[in-house]
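A.B. asks: Below is the sequence, then the predicted model.
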Amino acid sequence: NEEGSYVFLTGATGFVGSLLLREILLFRERLNIKGVILLCRPNRKHNAATRIEKLLANKMFSFLTPEEKNNSVIAIEGDVTKPIIGMSSSDQALVMETLNVKHVIHCAADVSFTQTLDDAARSNINGPITMKDLTK
């Protein structure tokens with residue numbers, strides 16, 4: 001594809017996801033990747049866009065110019081524990097119809113060891129099933 005495709009990535013604010021994001025962005029031209037769509041849940045302090053902005057400010061992404069960060073990363077607010085991964089209808093349309101998404105990589109997980117089994121299952125079992133269902 002001349003134009004390049006997008007990668008849809010969950011869990012980019014975690015250890016594995018952030019390293020994977022770095023590698024995808026570092027080798028995006030060789031991989032013919034136009035950009036990465038990041039599904040990110042808000043936390044108590046920050047919305048998804050702010051969390052991704054803070055992530056990209058890390059020195060591990062210093063190889064990107066501000067313009068490249070802006071043009072190659074799309075932050076979408078969502079939550080893998082919710083139906084349709086918590087995306088708004090406009091974000092769903094963007095991901096499923098508008099952008100050329102060719103790769104889906106699911107790295108989101110809940111790694112708290114103090115949560116209930118139901119909560120852990122919602123995130124770590126139902127989340128991947130929901131992601132799989134969205135790729136059909």
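C.D. replies: Yep, that arrived. Residues are numbered from 1 along each chain as shown.

A.B. asks: tell me the contacts of L134?
C.D. replies: 84-85, 96, 104 (Cβ atoms under 8 Å, 6 or more residues apart in numbering). The way it works is simple: take the backbone N, C-alpha and C, and place the C-beta from them, glycine included.

A.B. asks: Quick check: the gap between it and F61.
C.D. replies: 27 Å (Cβ to Cβ, to the nearest Å).

A.B. asks: Which of the contacts of L134 fall within helices?
C.D. replies: Counting by DSSP state H, no part of these is found in helices.

A.B. asks: which of the residues you listed lies closest to L26?
C.D. replies: L26 has its nearest neighbour among the contacts of L134 in V104, at 19.7 Å by Cβ to Cβ.

A.B. asks: Please, which helix or strand holds the nearest residue to that closest one once chain neighbours are set aside?
C.D. replies: Using Cβ to Cβ, 6 or more residues apart in numbering and skipping the chain neighbours, the partner closest in space to V104 is F8 (4.7 Å). Using DSSP states H and E, F8 sits within strand 5-10.

A.B. asks: List the strands paired with that strand, with their directions.
C.D. replies: strand 33-40 (parallel), strand 101-106 (parallel) (DSSP bridges).

A.B. asks: Pull the distance from it to the chain's centre.
C.D. replies: Taking Cα atoms, centre = their mean, to the nearest Å, one finds strand 5-10 lying 7 Å from the centre of the chain it belongs to.
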